[in-house]
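1. Below is the sequence, then the predicted model.
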Amino acid sequence: MIAAIVIFTIFWNPFNPSYSVLGSRTFEFPLGSGNFHTWPNLFWEFLSTFCMETVSFSLLFGFLFMTKSTPQTSKSYKIMLFGVAAFEVFVFTQLYLVFFVTGGVAGIYYGLTRMELLTSYWFHWNFWSELVILISAIWLLKKGKEHISPTRPWTPREKRFVSIFVVLALFVTFVTPSFAMGANPRKVFTSLIAFVLVTAGYILYLRHIKKKKGRELR
Amino acid sequence: MPQSKPFLNRIFAIFFVILTLTYMWTVVNGLASTPIQLLTDALGSRLFAIILFYSTVLIGLPIIVIGLFAEIWKPSLDFTLNKDKGWRTMSIHSVYSFCFNQCLLVDNI
């Protein structure tokens, strides 16, 4: 999925017909300073894809949560978790707390009212992903990585539920932004293709797992 | 923790050091003015807004960078897959949020 995103954002970018990975773009930085810079598109897209706190933390801690690393056995992991916990506490204080109390900052920043923002699914996705990282960091620092869930295998019903959820989540991710931000036929079509491709990849992955398990049982 | 692939750990850490430092650089070099103004409007105090805003960048992120440098210096992360479903869910949620954010960005271009 990450590879698909990299291809879509950096190399292909179907939503922008004039985009070329070999081209360049001119931008003003810092904003309002009058200093204009020209960078290759490849470099620009790489930075704008990966160099954001939500994105880099999602990747960094998303990978680390899936591994057997624990702060009890790795000092560097422990320092990183302290850092991300501190960062998230400040983010929740300056962004979400202020937003929930006054309606300011995030609402004005995105140009939406409090209710518009609260009913935007992407806002919830941002909010819950930050919360997941904060809770996980505190949990890991306190308890390590021992069994937050029972280790029994999933029942067929649970598997079906998870699969339906994943397909719905993929649909929401790829298709609904096109409708939410002005339904342009080209955008909708490309989003649908992206959805179909990623869903097909997911189904193939499930089949692969099923076959692998079958081989192991034999 | 015995390390079979310290080279991989170092590459992993260097990649994220670059990402985090670049993000810090962009924030400190001028992208910060809009959020600080918004915070000032919301809180009614520019000084408090500046302290709150820069404390995020200048406390949380440097600690993460120190942790990543510690990993480069002495690799200790174990990249063996964790089979606990809870942690896998946490992980998938995190990585998925990356993809989700990027889809929105793609659409905004």
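-> Happy to help now that I have it.
2. I'd like to know the average pLDDT value across stretch B:6-15.
-> On average, the pLDDT along stretch B:6-15 is 90.
3. Mind splitting chain A into its structural domains?
-> A:1-55, A:69-144, A:154-218 (automatic domain parsing).
4. May I have the residues that are in contact with the residue nearest the centre of chain B?
-> Nearest to the mean C-alpha position of chain B, counting by CA atoms, centre = their mean, stands B:Thr20 at 5.6 Å. Contacts here follow CB atoms under 8 Å, 6 or more residues apart in numbering or on different chains; on that basis B:Thr20 touches A:56, B:61, B:64-65, B:68. All C-beta atoms are positioned from the backbone trio N, CA, C, and that covers glycine.
5. Return the subset of those residues lying in helices.
-> Among the contacts of B:Thr20, DSSP state H puts A:56, B:61, B:64-65, B:68 in helices.
6. can you give me the strands for chain A?
-> Taking DSSP state E, the strands of chain A run over residues A:24-28, A:36-40.
7. how about these in JSON lines, adding mean neighbour count and mean pLDDT?
-> Formatted as JSON lines, the strands of chain A follow (neighbours: other CB atoms under 10 Å in any protein chain shown; pLDDT from 0 to 100):
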{"stretch": "strand A:24-28", "mean neighbour count": "11", "mean pLDDT": "77"}
{"stretch": "strand A:36-40", "mean neighbour count": "11", "mean pLDDT": "80"}
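8. just so I know, which of those lies nearest chain B?
-> Nearest to chain B among the strands of chain A is strand A:24-28 (9.6 Å), distances taken as CB to the nearest CB.
9. what residues does that closest one touch?
-> Contacts of strand A:24-28 (CB under 8 Å, 6+ apart): A:34-41, A:44.
10. Please enumerate the helices of chain B.
-> Counting by DSSP H, the helices of chain B are B:6-26, B:33-43, B:46-55, B:61-73, B:85-108.
11. typo on my end, it should be chain A
-> According to DSSP H, the helices that chain A contains are A:2-6, A:41-50, A:53-66, A:75-91, A:98-102, A:106-110, A:114-118, A:121-143, A:156-174, A:176-180, A:185-217.
12. what's the most buried one of those?
-> helix A:53-66 (a mean of 23; mean count of other CB atoms under 10 Å in any protein chain shown).
13. Is that helix positioned near chain B?
-> Yes: applying CB under 8 Å from any CB of the partner chain, one finds helix A:53-66 in contact with chain B at A:53-66.
14. so which two of these are the farthest from each other?
-> A:Glu53 and A:Met66 (20.0 Å; CB to CB).
15. Make CSV out of the helices of chain A and add mean pLDDT and distance to A:Leu22.
-> CSV is the format used below for the helices of chain A (pLDDT from 0 to 100; distance: least, CB to CB, whole Å):
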stretch, mean pLDDT, distance to A:Leu22
helix A:2-6, 65, 16
helix A:41-50, 75, 7
helix A:53-66, 81, 24
helix A:75-91, 88, 36
helix A:98-102, 70, 41
helix A:106-110, 58, 32
helix A:114-118, 70, 38
helix A:121-143, 80, 31
helix A:156-174, 71, 26
helix A:176-180, 56, 26
helix A:185-217, 75, 21
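16. Indicate which one of these is closest to B:Thr26.
-> B:Thr26 sits nearest to helix A:41-50 of all the helices of chain A, at 8.0 Å, using CB to CB.
17. pretty sure B:Ile64 is touching A:Val84, no?
-> Yes: the pair B:Ile64 and A:Val84 qualifies as a contact (CB atoms under 8 Å) at a distance of 6.0 Å.
18. Which residue is the nearest non-sequential neighbour of A:Val84?
-> A:Ala137 (5.1 Å; CB to CB, 6 or more residues apart in numbering or on different chains).
19. In this structure the one you found contacts A:Phe65, no?
-> No: judged on CB under 8 Å, A:Ala137 makes no contact with A:Phe65 at a distance of 9.7 Å.
20. Many thanks, we can stop here.
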